[in-house]
Every structure is written in structure tokens, then in C-alpha cells.
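Asker: I'd like to go over a predicted model; first the sequence, then the structure.
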Amino acid sequence: MRRIYNGMPAAHLGREGWHKPWSGGNGGSCVEVLPLADGRVAVRQSTDPDGPALICSRAGIALFVEAAKAGEADFLVA
């Protein structure tokens with residue numbers, strides 16, 4: 001298997017299995033995620049599926065989601 005690293009082309013992770021958990025009235029610009037076999041999570045921009053992927057730990061994703069639910073990321077959209 002190829003080494004998986006931050007910034008690698010998302011296309012190298014395959015075309016199948018990507019999910020859009022946060023989608024809505026944003027003109028089709030969505031974040032997509034792909035659970036990886038080693039427990040990490042790949043994140044990409046839906047409008048650039050061949051662009052770079054951000055590789056996060058499962059714990060890091062969980063912390064981000066919990067913080068967003070608690071309003072700690074509201075400043076990003078204010």
C-alpha cells in the first residue's frame with residue numbers, strides 16, 4: 001500500500017467511499033471525508049476531488065466535531 005500523508009492528492013485514495021457529512025445550501029462546495037483502514041480520516045474539498053487531502057487522526061476529528069457542536073468554530077462563519 002502507498003504511504004498516506006497530508007497533502008497527498010486525494011485521487012490517490014480512490015474515488016469510492018467519500019462522504020459529504022456537512023452539505024447544504026452552499027452551492028455545491030462541500031467538505032468530504034473518507035475513513036481510512038488505519039483509523040485515520042481523509043478530508044478533501046468536493047470541488048477539487050483531485051486536490052490535496054488533509055489526513056487527520058480519528059481523535060482529532062472527534063475533537064473538532066465536538067468543538068464545532070459546542071460553538072467553538074462559530075467565528076469561522078460569523
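Answerer: Great, that's in hand. Residues are numbered from 1 along each chain as shown.
Asker: Test my guess that Val51 contacts Pro9.
Answerer: In this structure residue 51 is Gly, not Val. Yes: using Cβ atoms under 8 Å, Gly51 and Pro9 qualify as a contacting pair, with a distance of 7.1 Å. For glycine as for every other residue, the C-beta is placed from the backbone atoms N, C-alpha and C.
Asker: Adjacent strands (with direction) for the worst-scoring helix or strand of the chain on mean pLDDT?
Answerer: Of the helices and strands making up the chain, the lowest-confidence element is strand 19-22, at a mean of 79, by mean pLDDT, DSSP states H and E. Counting by DSSP bridges, the strands paired with strand 19-22 are strand 31-35 (antiparallel).
Asker: what's the helix or strand just after the strand it pairs with in contact with?
Answerer: Next in sequence after strand 31-35, counting helices and strands by DSSP states H and E, comes strand 41-45. Residues outside strand 41-45 that contact it (Cβ atoms under 8 Å, 6 or more residues apart in numbering): 4, 10, 13, 18, 29-36, 51-58, 61.
Asker: Identify the residues contacting the least confident helix or strand of the chain?
Answerer: Cys30, Val31, Glu32, Val33, Leu34, Ser46.
Asker: Any of the contacts of strand 41-45 buried? List them.
Answerer: Buried members of the contacts of strand 41-45, scored by 16 or more other Cβ atoms under 10 Å, are Ala10, Leu13, Trp18, Cys30, Glu32, Val33, Leu34, Leu36, Ala53, Leu54, Ile55, Cys56.
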